[in-house]
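Chemist: please work out how this folds:
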Amino acid sequence: MGAGLVAGDKYLSEGRLYVAKFNANGTGEWLELSMANPRIAKHAAFKFTSPADIFVNTRHAADAVGATPMDRPEWGAVNPRNGEVYFCLTNNSAANRTPTKVDAANPRAYMDLDGKKSAGNPNGHIIRFKEIDKRSTALGFAWDIFLFGAEEDSGDANLSGLTASNSFSSPDGMWFSQTTGICWIQTDDGAFTDETNCMMLAAIPGQVGDGSKITAKNKMIINGTEQTGTQETFISAALGEAKLRRFLVAPKGAEVTGITETEDGKTLFVNIQHPGEDTPALGTAGDFQLQSQWPGNQGYGPVGRPRSATLVITRDDGGVIGI
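Modeler: A predicted model of the protein is given here:
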């Protein structure tokens, strides 16, 4: 315990903190959060008196310098083949994302009219960027949107042209295979679960700039009034089922989160978290009306209350997974 604290302490004792600004033309810049920046020193929402104030109240400092507020960033991952950085933007609500509150990096504001009737950016998207000259010290980057989550029948909101074989919502976990280069996407969803459970998908990543500029057509009902708007953005080419495919679907109430593989790429380890999440708590009404009994109902261990577990996945022929 003590040795771990000593080893970890050095990472916060020096260095510089930056936030990203995504420009509408597909470029971006890293903005340093420092007391030397007059925009931080004069910020109206919070009085910064030291670097410690910046590190603790980072979102206020980011707002002060003009960083781009994103739709709930979750996991990030680096494509080992080209060094490009991907981030899952899981979703956002109508409290923060409406047709008049969009930008090129977060361009959608719409209503999911069936099922749970969510509004804002309920299905999320994945953004990616590459540093100038592939330098980790670069203060600028190029970016585009790799993939938009959506139900396949969601009309203008389905900007990536998803089908019944690869529609998804709320990307959360992400990881690249060192063996195959596959981009594995895991979901933690609340908007699409009226039709399917959380899932994991396999994608062929491509590279920043391999698509084109598109226009998101947004429409929402806000306090009984229809609000519309458009937003141009950069998106990778529609992946189609040849480059994006649903790989597995989790039990009810579960999130798929965490993945790794053996060095030869022939075995995947995938975490299934909190299956049966909507089961009432013990001691409350309906506490034995289990939403799921996984993994016991699959023949692993005694059947009873659901438990988190790790899947071990191999091919029937023993080959590399995804090839």
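Chemist: I'd say A95 and N121 touch.
Modeler: No - under the criterion of C-beta atoms under 8 Å, A95 makes no contact with N121, lying 11.4 Å away. All C-beta spots, glycine's among them, are computed from the backbone N, C-alpha and C.
Chemist: the two: who's more crowded?
Modeler: Higher neighbour count among A95 and N121: N121, with 30 against 9, using other C-beta atoms under 10 Å.
Chemist: in contact with that one, which residues?
Modeler: Neighbouring residues of N121 by C-beta atoms under 8 Å, 6 or more residues apart in numbering: 71, 89, 91-92, 97, 106, 108-110.
Chemist: for PyMOL, write a command that selects the buried ones of those.
Modeler: Buried subset of those, written as a PyMOL selection, criterion 16 or more other C-beta atoms under 10 Å:
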select buried, resi 71+89+91+92+97+106+108+109+110
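Chemist: next, format the contacts of N121 as JSON lines and append pLDDT, secondary structure and distance to A62.
Modeler: Conversion of the contacts of N121 to JSON lines gives the following (pLDDT from 0 to 100; DSSP: H, G, I helix; E, B strand; the rest coil; distance: C-beta to C-beta, whole Å):
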{"residue": "D71", "pLDDT": "98", "secondary structure": "coil", "distance to A62": "15"}
{"residue": "L89", "pLDDT": "98", "secondary structure": "strand", "distance to A62": "16"}
{"residue": "N91", "pLDDT": "97", "secondary structure": "coil", "distance to A62": "20"}
{"residue": "N92", "pLDDT": "96", "secondary structure": "strand", "distance to A62": "16"}
{"residue": "R97", "pLDDT": "96", "secondary structure": "coil", "distance to A62": "17"}
{"residue": "N106", "pLDDT": "98", "secondary structure": "strand", "distance to A62": "15"}
{"residue": "R108", "pLDDT": "97", "secondary structure": "coil", "distance to A62": "22"}
{"residue": "A109", "pLDDT": "97", "secondary structure": "coil", "distance to A62": "21"}
{"residue": "Y110", "pLDDT": "95", "secondary structure": "strand", "distance to A62": "26"}
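Chemist: pick out whichever of the contacts of N121 sits closest to Q289.
Modeler: Using C-beta to C-beta, N91 comes nearest to Q289 of those, at 27.7 Å.
Chemist: distance check, the closest one against G190.
Modeler: 8 Å (C-beta to C-beta, to the nearest Å).
Chemist: got any residues that touch both of those two?
Modeler: Counting by C-beta under 8 Å, 6+ apart, the contacts common to N91 and G190 are 122, 170.
Chemist: next one: stretch 97-108 to chain centre, how far?
Modeler: Computed by C-alpha atoms, centre = their mean, to the nearest Å, the separation of stretch 97-108 from the middle of its chain amounts to 16 Å.
Chemist: make that stretch 227-247, sorry
Modeler: Its chain's C-alpha centre and that of stretch 227-247 lie 14 Å apart, by C-alpha atoms, centre = their mean.
Chemist: for that stretch, buried residues please.
Modeler: For stretch 227-247, by 16+ other C-beta under 10 Å, it's 227, 229, 231, 233-236, 238-239, 243-247.
Chemist: if you average pLDDT over that stretch, what comes out?
Modeler: For stretch 227-247, mean pLDDT rounds to 95.
Chemist: what about that stretch, how long is it end to end?
Modeler: Start-to-end span of stretch 227-247 (C-alpha to C-alpha, to the nearest Å) is 37 Å.
Chemist: surely F48 is within a helix?
Modeler: No - note on F48: no helix contains this position according to DSSP: H, G, I helix; E, B strand; the rest coil, which reports coil.
Chemist: what's the burial count for it?
Modeler: Close neighbours of F48, defined as other C-beta under 10 Å, add up to 20.
Chemist: nearest residue to it in space, ignoring adjacent ones along the chain?
Modeler: Excluding its sequence neighbours, the residue lying closest to F48 (C-beta to C-beta, 6 or more residues apart in numbering) is I40, at 5.3 Å.
Chemist: would you mark the buried spots in whatever helix or strand A142 lives in?
Modeler: According to DSSP states H and E, A142 maps onto strand 140-148. Across strand 140-148, burial judged by 16+ other C-beta under 10 Å covers 141-148.
Chemist: so which of those residues comes closest to P302?
Modeler: P302 lies nearest to L147 out of the buried residues of strand 140-148, by C-beta to C-beta, at 39.7 Å.
Chemist: surely the residue nearest to F48 meets S34?
Modeler: Yes - contact criterion C-beta under 8 Å: I40 and S34 qualify, at 7.1 Å.
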